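K.L.:
Predicted structure and sequence below. I'll ask about it afterward.
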Amino acid sequence: MQAEYQESAAYQASQYRNGFAMTLLGVLLITPDALIVRLIDADAWTMVFWRGVLVPTTFLCFLTLRFGPSMIRDSLKVGGTAGIGVALCYTGTTFGFMGALHHTSTANTLVILAASPFFAALLSRLILKERTPPQTWAAIVIGFAGIGVVMFEGLDAGAGRASLRGDAMALFAALMLASSFVLIRRRKEVNMVPATAVGGYFAALIALPFAAPLAVDQDQALLIGLLGVVLLPVCFGLIALGPRRLPAAEVSLLMLLETIIGPIWVWAVIGEVPGPYAVIGGLIVLGALTAHAIWRLKRRPAVSATTG
C-alpha cells in the first residue's frame, strides 16, 4: 500500500513538472509575438488574414493527422451554439489584438489583454451564475483601475505615446478572449480547438477584401510563416496541454510573463519605450493578478497544490 502511494505521488509530481515545463515554454514562445508583428511591414488587415489562415490550418492539419477528420466534424457538431460563439469570439480577439498593435503601444496592448481574467470572472458570474468571492471582486476593481490608468494616456494629448482607439481595440480583444473562456468552460466536455480554427477562417474571410496578402516581400513572408506555422501553433498547443497538469492559479502567474517580457522584446529590438501611464497601470494590473493568483493557490489543499 505504501509503495503504491509513493508510486502515485511520484507520478503526480512528474505530471506537475511536465505541466509546468510545457506551460512555461508555451508562454516564453509567445512573448515575441508582438515584436514580430511590429517587424512585419504590413497593414493590420493583411496580418489578420495571414494569422487567420495559417494558425488554424496548422492546428487542423495536426488534429486530422493525429485523430482523423471525424474528430473535427464531431467537435463542431457537439459544440453547437457554444462552438459558434467561441469561433466568433476568436475572430473578435484576432481583430482586436492586431488592431491594437497597429494603433497603440505594445505595453498598452499586453497590459489590457492581461486583464481578460477579470472580464471572465464577471461574465462567469452573469452567465454561469458562479459565485464570486470578495477577494476576486477586489482584484477586479483594482485591475479595472489599472486599465483606466493605461487608457488615460490616450486622453493626454501631450503624451503622444498611445492611441485611445488602439486601447479600445485591446479592451475589445480582452472582452472577446474572456467570453471565449466562459463559453469553453460552459461546454468543457467539448474540444473547442476546431471552433477556434473556424474563428480564424472567419477573420481571414472578413479581412480578405481589405488585405494585400501577396504584397509582402520574402523577408516578411518568412516572419509571417515563423509566427503562423511555428511559434503560435506550438505555444498555443503547449499552453492548452500544460494546464491539465497544473493548478489554474499557477497558469495565471506564468501567463503574466508575456505581459512583462513582450514589451521588453520590443524595447530591446526596435526601441519602443512604454509610456509612464502604461508602466503605472501595468504594475496595478499585474499586482492585482499576482495577488489574486497567490490567494487562489493558498486556498488549494497542500497535496493538490503540489501535485496539480
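P.N.:
Happy to help now that I have it.
K.L.:
Output the below-cut-off pLDDT ranges for the stretch 1-150 of the chain.
P.N.:
Scanning the stretch 1-150 of the chain for pLDDT under 70 picks out 1-9, 11, 71-79.
K.L.:
Now do the strands in it.
P.N.:
Assigned strands in the stretch 1-150 of the chain: none (criterion: DSSP state E, counting those that start in this stretch).
K.L.:
SS state for Val190?
P.N.:
Under DSSP: H, G, I helix; E, B strand; the rest coil, the three-state class of Val190 is coil.
K.L.:
what mean pLDDT does stretch 288-304 have?
P.N.:
Averaging pLDDT along stretch 288-304 yields 71.
K.L.:
Would you check the distance separating it from the middle of the chain?
P.N.:
Mean-position distance between stretch 288-304 and its chain equals 21 Å (C-alpha atoms, centre = their mean, to the nearest Å).
K.L.:
Show me what counts as buried in that stretch.
P.N.:
Within stretch 288-304, the residues that count as buried by 16 or more other C-beta atoms under 10 Å are Ala288, Leu289, His292, Ala293, Arg296. The way it works is simple: take the backbone N, C-alpha and C, and place the C-beta from them, glycine included.
K.L.:
Just the CA atoms of that stretch, as PDB, please.
P.N.:
The C-alpha trace of stretch 288-304 is given here as PDB (Å, rounded to 0.1, in the frame of the first residue of the first chain):
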ATOM      1  CA  ALA A 288      -3.900  42.600  -8.800                       C
ATOM      2  CA  LEU A 289      -3.500  39.400 -10.900                       C
ATOM      3  CA  THR A 290      -0.500  38.200  -8.900                       C
ATOM      4  CA  ALA A 291      -2.100  38.800  -5.600                       C
ATOM      5  CA  HIS A 292      -5.300  37.000  -6.700                       C
ATOM      6  CA  ALA A 293      -3.300  34.000  -8.100                       C
ATOM      7  CA  ILE A 294      -1.400  33.700  -4.900                       C
ATOM      8  CA  TRP A 295      -4.600  33.800  -2.900                       C
ATOM      9  CA  ARG A 296      -6.100  31.000  -5.100                       C
ATOM     10  CA  LEU A 297      -3.000  28.900  -4.600                       C
ATOM     11  CA  LYS A 298      -3.300  29.200  -0.800                       C
ATOM     12  CA  ARG A 299      -6.900  28.100  -0.900                       C
ATOM     13  CA  ARG A 300      -5.900  24.800  -2.500                       C
ATOM     14  CA  PRO A 301      -5.200  21.800  -0.300                       C
ATOM     15  CA  ALA A 302      -1.400  21.200   0.100                       C
ATOM     16  CA  VAL A 303      -1.500  17.900  -1.800                       C
ATOM     17  CA  SER A 304      -3.300  19.200  -4.800                       C
END
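K.L.:
With distance to Thr31 and secondary structure added, can I get the buried residues of stretch 288-304 in JSON lines?
P.N.:
Listed next are those as JSON lines, based on distance: C-beta to C-beta, whole Å; DSSP: H, G, I helix; E, B strand; the rest coil:
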{"residue": "Ala288", "distance to Thr31": "21", "secondary structure": "helix"}
{"residue": "Leu289", "distance to Thr31": "17", "secondary structure": "helix"}
{"residue": "His292", "distance to Thr31": "22", "secondary structure": "helix"}
{"residue": "Ala293", "distance to Thr31": "19", "secondary structure": "helix"}
{"residue": "Arg296", "distance to Thr31": "24", "secondary structure": "helix"}
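K.L.:
Show me how far the lengthiest helix in the chain is from its chain's centre.
P.N.:
For the chain, the helix with the greatest residue count under DSSP state H is helix 69-103. Relative to its chain's centre, helix 69-103 lies at 13 Å (C-alpha atoms, centre = their mean).
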